[in-house]
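Enquirer: Sequence first, predicted model second:
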Amino acid sequence: MSRVLVVEDEAHLAQGLRFNLEAEGYSAEVVGDGEAATDRLLGKRENFDVIVLDIMLPGKDGFSVVSELRAAQNYVPVLMQAMFPATSAGSGPSEPFRLGGRPSISARSSCGLPTTSFTSR
């Protein structure tokens, strides 16, 4: 069974992701901020098959989490999620590209805002 770490500070989103991942047969665990994510991944050296990572987190943001992972030569696949205001549809921060990411999904969220996900190699 694949292990997924969900890093999301919005509890309802985190629980929805966990529910759906588990319904598909994945083992999903949730942490609510970047500090907890890096502690589990680097401090405790827990192994996950993939990370679903929110970019906008309190404290340490998703970009910092990925930067620290890569600096420690941890190359676990990361799916970075970002929600951009409707006024910036089709554009977004270039930071995921600097970290080796590439756009993988572009869709509208349930509230109508465009969402973009980035995978980081």
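Expert: Perfect, I can see it now.

Enquirer: Would you mind listing the buried residues in the biggest helix by length in the chain?
Expert: Counting residues, the longest helix in the chain under DSSP state H turns out to be helix 11-23. Residues of helix 11-23 classed as buried under the neighbour-count rule (16 or more other Cβ atoms under 10 Å) are 13, 14, 17, 18, 21. For every residue, glycine as well, the C-beta is placed using N, CA and C.

Enquirer: just checking, what packs against it?
Expert: For helix 11-23, the packing partners by 3 or more Cβ pairs under 8 Å, 6 or more residues apart in numbering; DSSP states H and E come out as strand 3-7, strand 27-31, strand 50-54.

Enquirer: got TSV for the ones you listed, with distance to residue 70 too?
Expert: Output for the helices and strands packed on helix 11-23, formatted as TSV (distance: least, Cβ to Cβ, whole Å):
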stretch	distance to residue 70
strand 3-7	15
strand 27-31	19
strand 50-54	12
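
Enquirer: Let me have the ones you listed in a markdown table, extended by mean pLDDT and mean neighbour count.
Expert: Formatted as a markdown table, the helices and strands packed on helix 11-23 follow (pLDDT from 0 to 100; neighbours: other Cβ atoms under 10 Å):
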| stretch | mean pLDDT | mean neighbour count |
| --- | --- | --- |
| strand 3-7 | 96 | 23 |
| strand 27-31 | 97 | 17 |
| strand 50-54 | 94 | 23 |
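
Enquirer: what about these, which gets the closest to residue 77?
Expert: Among those, strand 50-54 comes nearest to residue 77, with 4.8 Å by Cβ to Cβ.
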